[in-house]
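1. Sequence plus the predicted model coming up.
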Amino acid sequence: MSIYTDLGLTGAAQTSTSTSTTKKSNDTLGQEEFLSLLTTQLAYQDPSNPVDNSQMVTQLAQLNMVTGIASLNDTATNLSGTITSSQALLASSLVGQDVKLSGNTGYFDGADAMQFSINAGDNATDMVLSISDANGSVINTVDIGAGSGDINLYWDGTDANGNKAAAGNYSFSVNGKVNGTGTSLPVFAYAKVSSVTLGNGLNDSVLNLLGGGKMSMNDVKNIGGI
């Protein structure tokens, strides 16, 4: 018996067939092989010059570290896949829904009513809504009256004469009074999600909006009607 036999290896004098059956396909030293090598090293050590205990502990610590890193990588990969799948499911559910934009301009498709939101604060009075086309021309004004907090409203797409406006970008602005002082109130438009470009687990999925706009999933704060 030799040290090669104890390690499950073959000598050069043996046939190539025997050698091929004992060679690991990935040519890497796994935990079992490492322990086998360590055991054999201890069995064949020089009694007059035994292996230093600190060296053995260091080798075991290195093996545990490598094994732990490999396990952590597998866990991170699985977690990334789970997050990506969940994000894809959520993003796909938003197709056809209206999402709140960070500004007051949205796209009107020429048919469906447009949602918008007014932040009226604690109590705003005498609020008047102005709707402007892409050229900045006011096409309609509406008296809203008083209100407080976030007020969600819809524009049916008609101008001051009751005619349906053409498809395109339109802006909303609201002037009113807060504590008796005239002021411009924050207004936010909504846009319909037409499709989704999925991320890769590191980058955000992107919502493609009707009219050509885009929005990151992380920027979605409100969904239409909410």
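-> Perfect, I can see it now.

2. all strands of the chain, in order?
-> 98-100, 105-108, 114-119, 124-132, 138-147, 150-155, 168-178, 181-185, 187-197, 206-209, 214-216 (DSSP state E).

3. tell me what the fourth one is packed against?
-> Helices and strands touching strand 124-132, as assessed by 3 or more CB pairs under 8 Å, 6 or more residues apart in numbering; DSSP states H and E, comprise strand 138-147, strand 168-178. Every residue, glycine included, has its C-beta placed from N, CA and C.

4. buried sites along that strand?
-> Applying a neighbour-count criterion of 16 or more other CB atoms under 10 Å, one finds 124, 127, 129, 131, 132 buried in strand 124-132.

5. re earlier: for the strands of the chain, which one sits closest to residue 222?
-> Nearest to residue 222, of all the strands of the chain, is strand 98-100, at 3.9 Å by CB to CB.

6. and for that closest one, what are the contacting residues?
-> Strand 98-100 is contacted by residues 115, 117, 188-193, 207, 209, 215, 220-225 when judged by CB atoms under 8 Å, 6 or more residues apart in numbering.

7. Wait, residue 130 touches residue 173, no?
-> Yes: counting by CB atoms under 8 Å, residue 130 touches residue 173, with 4.9 Å between them.

8. check contacts around the closest residue to residue 147 other than its chain neighbours.
-> Using CB to CB, 6 or more residues apart in numbering and skipping residues adjacent in sequence, the residue nearest residue 147 is residue 120, 4.6 Å away. Residues near residue 120 by CB under 8 Å, 6+ apart: 127, 147, 148, 149, 150, 151, 176, 185.

9. which one of those residues is nearest residue 95?
-> Set against residue 95, the nearest of the contacts of residue 120 by CB to CB is residue 150 (24.6 Å).

10. I'd say that closest one and residue 119 touch.
-> Yes: between residue 150 and residue 119 there is a contact at 5.8 Å, judged by CB under 8 Å.

11. Residue 145: what's its closest spatial neighbour, skipping adjacent residues?
-> In this structure, residue 145 finds its nearest non-sequential neighbour in residue 127, 6.3 Å apart by CB to CB, 6+ apart.

12. what residue ranges in this structure are flagged as low confidence?
-> Residue ranges of the chain with pLDDT under 70: 1-35, 37-38, 41-57, 59-64, 66-68, 70-88, 200-203, 225-226.
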